[in-house]
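S.K.: Curious how this folds, go ahead:
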Amino acid sequence: MSHYVSGLSRTGNVGAGNGVRTARIWQRLLGVSRTVIESVRIEPSGRGDLLVVAVRPRRGELPRCGRCRRPGRWYDRGGGRRRWRHLDFATVQVCIEADTRRVDCAEHGPTVAAVPWARHASRFTTAFEDTCAWLTARTAASTVAALLRVTWRSVTGIVERVVAEAAARVDGLTGLRRIGIDEVAYRKGHRYLSVVVDHDTGRLVWAGKGRDKTVVAAFFDALGADRAAELTHVSTDAAEWIATVVADRAPQAIRCLDPFHLIMWAGDALDVVRRAVWNTARGGKGRRTNASTALKGARWALRKNPDRLSQTQRVTLATIQATNKPLYRAYLLKEQLREIVAIKGEDGKLLLTQWLRWAARSRLPAFAKLAASIRRHLQPIHNMLDWGLSNARVEANNTHLRVLTRQGYGYRSADALIAMAMLKRGGLCPPLPSRS
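M.R.: Alright, predicted model coming up:
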């Protein structure tokens, strides 16, 4: 049973002489424009009372295609009345109700006509979706779903629509000069996203599913040849599938190897030496000695920066220096490479040349192999030392994406995660309704 709050087609002024029409009050309360309020009624529902506001577009509004917003001729009355969920009034849910006519679009054919209060193919008003997206950019989607009394899937769909509209309105690839390219795992089974971050703003500008040459090429296709020619620097890891496409599509850009990966290579080589020394010290498989036990717990004493060592780790490192020359030599090689990265510039390049000679004759196969790898990537490493560019902002962005994945208990769809990432990290979050 419905209870009419007001029949606005028959309603005059509210109060004597205040000059404010009831319809205008409802328009202000609902935050809708170019819309005529026909009636307001309350209906019972399974979740309590439901406030239903019947509306129609204002007379004189040109019929437009809901997809492209181009004018079109009326086609038919469509599927009849439809409802859109609106923001609640206190504890009462609100729906906007209207006829859904169709227009004959020259590009899309018969299509539901655009309405001023909602996006195409949505069951929610624009104000509701913008509020939902704004909240989702600041807290978990499950929390937003509980607050707004919708499902988690509805929240995800809203985010995708809001981001798609914002991306079509604002070109996030304009003005790029220095970018970082990396990949991040978003699901078990080697499921990856390739991400591109603007070094100057820290903003995520593009993301795509997968990690191969076709994904990087898709980014450059979206960027276009003219804007790709404006790139000055690109920071990457040593992945060939990134370097090859960058060299082909933006040959003028200076490619810098991420220093974090360089230090990680040295740490991995140090671990190889430590394990070999440990295996020798224990005297065979399944055996254990005091020396092997001490080396087993020495990993973090060797990997951590010297200024962060605990007192116990300092003692461990001093013991290795006195009793195990090859392992301590490996430690010094790792630390020397870290200092080279910190020094940078011409001094850093000169020290790197000396370091390569030292590593090659260190009688440590793991570091001789590392030296050969560094020589293969010597030019991007020199560029990094010259310009000081790293993937730090890209890695920070990847950390945010991992947090997003944990908050959502994983994403089955890469598109849903990309939309959420662009909302939170890409600057595509809308303002709250009636605020700029």
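
S.K.: What pLDDT is listed against Asp415?
M.R.: We note a pLDDT of 91 for Asp415 in this prediction.

S.K.: who touches it in this structure?
M.R.: For Asp415, the contacting residues are 160, 209, by Cβ atoms under 8 Å, 6 or more residues apart in numbering. In this view, the C-beta of every residue, glycine as well, is placed from N, C-alpha and C.

S.K.: State the distance from it to Ala185.
M.R.: Distance of Asp415 to Ala185, given as Cβ to Cβ, to the nearest Å: 16 Å.

S.K.: repeat for Ala167
M.R.: Distance of Ala167 to Ala185, given as Cβ to Cβ: 24 Å.

S.K.: Can you give the distance of the stretch of helix or strand Trp26 belongs to from its chain's centre?
M.R.: For Trp26, the host element (DSSP states H and E) is helix 22-30. In terms of Cα atoms, centre = their mean, to the nearest Å, the centre of helix 22-30 is found 38 Å from the chain centre.

S.K.: moving C-terminal of it, what's the next helix or strand?
M.R.: Scanning forward in sequence from helix 22-30 by DSSP H and E, the next helix or strand is strand 35-45.

S.K.: Which positions in that following strand come out as buried?
M.R.: Neighbour counts over strand 35-45 (16 or more other Cβ atoms under 10 Å) mark 35-37, 39-41 as buried.

S.K.: which among those residues gets closest to Gly267?
M.R.: Closest approach to Gly267 among the buried residues of strand 35-45 (Cβ to Cβ): Thr35, at 62.5 Å.

S.K.: roughly how far apart are the closest residue to that closest one other than its chain neighbours and Gly80?
M.R.: Leaving out its chain neighbours, the residue that sits closest to Thr35 by Cβ to Cβ, 6 or more residues apart in numbering is Val55, at 5.1 Å. Using Cβ to Cβ, one obtains 15 Å as the distance from Val55 to Gly80.

S.K.: Which neighbouring elements make contact with the longest helix anywhere in the chain?
M.R.: Longest helix in the chain by number of residues (criterion: DSSP state H): helix 259-282. Packing contacts for helix 259-282, counted by 3 or more Cβ pairs under 8 Å, 6 or more residues apart in numbering; DSSP states H and E, involve helix 290-296, helix 299-303, helix 325-343, helix 365-376, helix 378-387.

S.K.: how about the ones you listed in a markdown table, adding mean pLDDT?
M.R.: Converted to a markdown table, the helices and strands packed on helix 259-282 look like this (pLDDT from 0 to 100):
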| stretch | mean pLDDT |
| --- | --- |
| helix 290-296 | 75 |
| helix 299-303 | 91 |
| helix 325-343 | 96 |
| helix 365-376 | 97 |
| helix 378-387 | 97 |
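
S.K.: okay, these in CSV with distance to Ala23 and mean neighbour count next?
M.R.: Output for the helices and strands packed on helix 259-282, formatted as CSV (distance: least, Cβ to Cβ, whole Å; neighbours: other Cβ atoms under 10 Å):
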stretch, distance to Ala23, mean neighbour count
helix 290-296, 79, 16
helix 299-303, 70, 17
helix 325-343, 68, 18
helix 365-376, 73, 17
helix 378-387, 62, 19
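
S.K.: how about those in CSV, adding distance to Asp76?
M.R.: As requested, these are arranged in CSV below (distance: least, Cβ to Cβ, whole Å):
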stretch, distance to Asp76
helix 290-296, 78
helix 299-303, 70
helix 325-343, 68
helix 365-376, 66
helix 378-387, 61
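
S.K.: among those helices, which is nearest Thr151?
M.R.: Evaluated over the helices and strands packed on helix 259-282, closeness to Thr151 peaks at helix 299-303, with 45.2 Å, by Cβ to Cβ.

S.K.: Tell me the buried residues in stretch 298-315?
M.R.: Judged by neighbour count using 16+ other Cβ under 10 Å, the buried positions of stretch 298-315 are 298-299, 301-303, 309, 313.

S.K.: what are the ranges of the helices in the stretch 151-300 of the chain?
M.R.: Along the stretch 151-300 of the chain, the stretches classed as helices by DSSP state H, counting those that start in this stretch are 152-169, 213-223, 225-228, 240-249, 259-282, 290-296, 299-303.

S.K.: circling back: can you give me the neighbour number for the residue nearest to Thr35?
M.R.: Applying other Cβ atoms under 10 Å, we find 25 residues neighbouring Val55.
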